[in-house]
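**Student:** sequence first, then the predicted structure:
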Amino acid sequence: MAGKIANPQPKGRDSSLLRWNSEIAYLSQLAKEEGGNYPKKRFIYPKIMNHLESRIFIALVGPRGAGKSVLLKQIHHSAQDSFYISLDTYGGLDLFETAKELLERNVRLLLLDEIHAYPNYGGQLKKIYDFLPNLRIVFTSSSAISLHDATYDLSRRVRLVRVAPFSFREFLWFAHSQEFAPLRWKEIANRSRCREYYGKTIHAEPYFKKYLCGANYPFSAAEPDPIPLFRNTLETILTKDLLFFARLTLQEVQDVRRMLEFIGRSHSEGISYSSISRNTLISKYKVQKYADLLEKSFVLRCVMPKGTNVTKEPKILFAPPYRLLYRQYDDCVGALREDFFVEAISSLGMGIDYLKGRMGEKTPDYIVDGLVCEIGGQGKGFSQFKGFSARKKIIFTQPGTLDDMRRPLFFVGMLE
């Protein structure tokens, strides 16, 4: 299909437009060929392909470096009558007119990369959806901030598909060609099932530390030291996404930097809007605003409390491995384990709350689907569970241990 588009040109058009059409068609052909260079596919790929059967547009949303562009090119490689445009490169085109012309050339699937680089894309997509019903669109965005602004125009027309970082199981497949069946959350409390699963996966556990230290993204999985990549990614988020899409001032971006440094250099316990405001002298209102933007940018995770007589402020953690931009692994491994647990459970779409007791009272860390969970090292004890009435209790440990109540932490990264 792409070969048909690259050469023929309609008569009577402006010559500069003809050159532009030729160039963009050539780049689409290159993208199609590049998609064939990635034989391994993300676990979410079949789900995306199934969604292509519906009329609704598909938005691939996720953090920078999660592999959204590669997914788009893989779809392009396998689909007939598709066309790929990077709007980061061609943000100045008329999107509706381009879509209309491509439809006239028998394109049925338009793949738009980095759509947040295109001004008013929500209105353009709405127009395409309403007036070009035979054209389907899949687009990517690394900015959930811009998607939030376009929600009104896109309502009922777009299905959001979150492209998360690698699960540990997916990392093992991509980085080490080790394929494992998934574990189910309902099996976690079953000791015999977990013992059987541990026997099949224990040889993969030594890779878990590397995964925690930044190999959890496609763009960083093969890097010996991936942290500089994440430092650059965070800088892009601060100086581009927050300034341009969230319209923060330079002073506000500096406040965000101070806020992140405070969270990064603190223990995970007790990090809330109030504690951040108190220690950084940033107003609580602005802390809440910044935390919301950073969560939409896939840098922070906010977990609401569950318990009696508790303030309804979330516990604030990092999306891994961003904590390692501020502290060394051995100095923050406890908090990093919690970052991983919360990210993994949230990426599965499961509800998670943190448990908060009265001042000075020891409680477990989290509750997930009725299961009370504590996260810690191999020697983690049962003191947090004393007097706690929940029937199902599990301690997730790293390095892994398996007994009546303990499970290896990496099991959470094997869930589906």
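**Tutor:** Everything's here; your move.
**Student:** so what's the spatially most central residue of the chain up against?
**Tutor:** For the chain, A164 is the residue whose C-alpha lies nearest the centre (C-alpha atoms, centre = their mean; 3.3 Å). A164 makes contact with I44, G62, A66, S347, according to C-beta atoms under 8 Å, 6 or more residues apart in numbering. Every C-beta, even on glycine, is put in place using the N, C-alpha and C of the backbone.
**Student:** let's see 10 Å
**Tutor:** 42-44, 61-63, 66-67, 170, 216-217, 298, 319, 343-344, 346-349 (C-beta atoms under 10 Å, 6 or more residues apart in numbering).
**Student:** can you list the weak-confidence ranges in the stretch 251-400 of the chain?
**Tutor:** 307-311, 357-364, 379-391 (pLDDT under 70).
**Student:** show me where it has helices.
**Tutor:** Assigned by DSSP state H, counting those that start in this stretch, the helices in the stretch 251-400 of the chain fall at 273-280, 284-296, 329-347.
**Student:** and of the ones you listed, who's closest to Y198?
**Tutor:** Evaluated with C-beta to C-beta, these place helix 329-347 nearest to Y198, the distance being 17.5 Å.
**Student:** what is the closest one packed up against?
**Tutor:** helix 208-210, helix 250-265, strand 300-303, strand 315-318, strand 352-355, strand 366-368, strand 371-376, strand 393-397 (3 or more C-beta pairs under 10 Å, 6 or more residues apart in numbering; DSSP states H and E).
**Student:** distance to S142 for these - can I get that in JSON lines?
**Tutor:** Shown next, in JSON lines, are the helices and strands packed on helix 329-347 (distance: least, C-beta to C-beta, whole Å):
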{"stretch": "helix 208-210", "distance to S142": "24"}
{"stretch": "helix 250-265", "distance to S142": "17"}
{"stretch": "strand 300-303", "distance to S142": "16"}
{"stretch": "strand 315-318", "distance to S142": "18"}
{"stretch": "strand 352-355", "distance to S142": "24"}
{"stretch": "strand 366-368", "distance to S142": "28"}
{"stretch": "strand 371-376", "distance to S142": "29"}
{"stretch": "strand 393-397", "distance to S142": "30"}
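**Student:** nearest to P119, out of the ones you listed?
**Tutor:** The closest approach between P119 and any of those, judged by C-beta to C-beta, belongs to helix 250-265 at 21.5 Å.
**Student:** quick one: residues in contact with the closest one.
**Tutor:** 234-235, 237-239, 242-243, 246, 248-249, 271, 275-277, 279-283, 286-287, 289-291, 293-294, 299-300, 316-318, 322-327, 331-332, 335.
**Student:** now do the buried residues in that helix.
**Tutor:** For helix 250-265, burial by neighbour count (16 or more other C-beta atoms under 10 Å) applies to E252, V253, D255, V256, M259, L260, F262, I263, G264.
**Student:** domain parsing for this protein?
**Tutor:** Domain ranges of the chain: 2-162, 168-414, per automatic domain parsing.
**Student:** surely F139 forms part of a helix?
**Tutor:** No. Counting by DSSP: H, G, I helix; E, B strand; the rest coil, F139 falls outside a helix, being strand.
**Student:** count the neighbours of it for me.
**Tutor:** 25 (other C-beta atoms under 10 Å).
**Student:** circling back to that earlier point, adding mean neighbour count, write the helices of the stretch 251-400 of the chain out as a markdown table.
**Tutor:** As requested, the helices of the stretch 251-400 of the chain are exported to a markdown table (neighbours: other C-beta atoms under 10 Å):
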| stretch | mean neighbour count |
| --- | --- |
| helix 273-280 | 17 |
| helix 284-296 | 19 |
| helix 329-347 | 20 |
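**Student:** contact partners for I56?
**Tutor:** Here I56 is in contact with Y129, R136, I137, R156, R157, V158, R159 (C-beta under 10 Å, 6+ apart).
**Student:** pLDDT check: weakest of those?
**Tutor:** Across the set of the contacts of I56, R156 stands lowest in pLDDT, at 84.
**Student:** I'd assumed D130 was in contact with that one.
**Tutor:** No. Using C-beta atoms under 10 Å, R156 is not in contact with D130; the gap is 11.3 Å.
**Student:** hmm, back to that, report the buried members of the contacts of A164.
**Tutor:** The buried subset of those - by 16+ other C-beta under 10 Å - is 42, 44, 61-63, 66-67, 170, 216-217, 298, 319, 343-344, 346-347.
**Student:** what comes up buried for the helix of greatest length in the chain?
**Tutor:** Across the chain, the longest stretch assigned as helix under DSSP state H is helix 15-35. For helix 15-35, a neighbour-count test (16+ other C-beta under 10 Å) marks W20, N21, I24, A25, L27, S28, Q29, A31, K32, E34, G35 as buried.
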